[in-house]
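Peer 1: starting from these lines, generate the structure:
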Amino acid sequence: MATKASFSPDEWTKVLQSVVLAGVAVSAAEPSGLWGTLKEGLATGRALLEAKTGTGASELVKAIAADLETTEGQAMARDGLTAKLSGKKPAEIKTVAIDSVRAAAALVDAKAPGDAASFKTWLNHISQVVADASSEGGFLGFGGVQVSDAEKATLGEIASALGIKT
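Peer 2: Okay, here's the model as predicted:
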């Protein structure tokens, strides 16, 4: 079973960032405004809590979730993300996020093959939870669709980047 010690500090940062970026890609695909973005951010937080407390998560997934609860882990993820995403438009953010998720999946494949399937399934789950968090195209919470076509396409791109069949 892989843990934080299985990765270099730079590699661990990439793994931590991929958790956030799995949700960011979906949010960038169909920006939801302030309220929707808040709901989508909270959805990522719930997925982290589920991973930490759930019985089905691998040790690697639990270690990632636990580290993202610490000030140090949050700083590692946030600092790199700021540099990666600063000044980019939503379409560019989505591309960077998906590329980063793909790279993290390949890294976990190489360093922790026994945990790779669980890690990838978890990232895919996070992206789906974010897509489901807020309806798109409505007005003041009425109307619209739960998951927009752009979000559906992005979910497909994320699954493909992770090597998961949907």
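Peer 1: pLDDT at Ala25, what is it?
Peer 2: Reading off the confidence values, Ala25 has pLDDT 93.
Peer 1: kindly report the same for Ala112.
Peer 2: pLDDT, the model's per-residue confidence, is 94 for Ala112.
Peer 1: I'd like the numbering to begin with 30 instead of 1 from here.
Peer 2: Done: numbering now begins at 30, and the last item shifts to Ala141.
Peer 1: so what's the residue count around it?
Peer 2: Ala141: 20 surrounding residues under other C-beta atoms under 10 Å. For every residue, glycine as well, the C-beta is placed using N, CA and C.
Peer 1: show me the contacts for it.
Peer 2: Under the criterion of C-beta atoms under 8 Å, 6 or more residues apart in numbering, the neighbours of Ala141 are Ala31, Ser35, Leu89, Phe148.
Peer 1: name the nearest residue to Lys43, ignoring sequence neighbours.
Peer 2: Closest residue to Lys43 apart from its sequence neighbours, by C-beta to C-beta, 6 or more residues apart in numbering: Ala133 at 5.2 Å.
Peer 1: hmm, Val44 and that neighbour touching each other?
Peer 2: Yes - the pair Ala133 and Val44 qualifies as a contact (C-beta atoms under 8 Å) at a distance of 5.3 Å.
Peer 1: show residues contacting the helix or strand where Ala112 lies.
Peer 2: With elements delineated by DSSP states H and E, Ala112 resides in helix 100-114, which encompasses its position. By C-beta under 8 Å, 6+ apart, the list of residues contacting helix 100-114 from outside reads 38, 41-43, 45-46, 48-50, 53, 95-97, 122, 125-126, 129.
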